[in-house]
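Colleague: Need a 3D model of the following:
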Amino acid sequence: MKAAEIRELSEKEIVEKLQAEVDNYSRMKLNHAITPLENPNKIKEARKTIARINTVIKERELN
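Modeller: Purely as a prediction, here's the structure:
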């Protein structure tokens, strides 16, 4: 998910998306520890998406 797409969402949608991404990231890490994922780069992508969402939240707090 691109930062521009995240900026278009409302506050409530951003918080919901953040929670969903954190849950998904935790689940992927646990599954990868048990049995390797086909594409472990998805873990990296999820971590970056979480960082983008947190960045947009922080930008909105400062403005």
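Colleague: Every contact and neighbour count from this point should use C-alpha atoms.
Modeller: OK.
Colleague: Tell me who's in contact with the residue positioned nearest the centre of the chain.
Modeller: Among the residues of the chain, the one closest to the centroid is Ile50, at 2.9 Å (CA atoms, centre = their mean). Listed by CA atoms under 8 Å, 6 or more residues apart in numbering, the contact set of Ile50 reads Leu18, Glu21, Val22.
Colleague: could you give the mean pLDDT of the helix or strand that contains it?
Modeller: Assigned by DSSP states H and E, Ile50 belongs to helix 41-62. For helix 41-62, mean pLDDT rounds to 96.
Colleague: tell me which residues of it are tucked away?
Modeller: The neighbour-count check on helix 41-62 (16 or more other CA atoms under 10 Å) flags Ile43, Ala46, Arg47, Thr49, Ile50, Arg52, Ile53, Val56, Ile57 as buried.
Colleague: What of stretch 29-38?
Modeller: Buried positions in stretch 29-38, judged by neighbour count with 16+ other CA under 10 Å: Lys29.
Colleague: Return the distance of that stretch from the chain's centre.
Modeller: 18 Å (CA atoms, centre = their mean, to the nearest Å).
Colleague: on that earlier part again, mind checking how far the residue nearest to the centre of the chain is from Val56?
Modeller: Distance, Ile50 to Val56, by CA to CA, to the nearest Å: 10 Å.
Colleague: And Ser26, by the same measure?
Modeller: Distance of Ser26 to Val56, given as CA to CA: 21 Å.
Colleague: Repeat that for Thr49.
Modeller: Distance, Thr49 to Val56, using CA to CA: 11 Å.
Colleague: got any residues that touch both of the two?
Modeller: Jointly contacting Thr49 and Val56 under the rule CA under 8 Å, 6+ apart is no residue at all.
Colleague: picking up where we left off before, please produce TSV containing the contacts of Ile50, extended by neighbour count.
Modeller: Compiled in TSV, the contacts of Ile50 are given as follows (neighbours: other CA atoms under 10 Å):
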residue	neighbour count
Leu18	19
Glu21	17
Val22	16
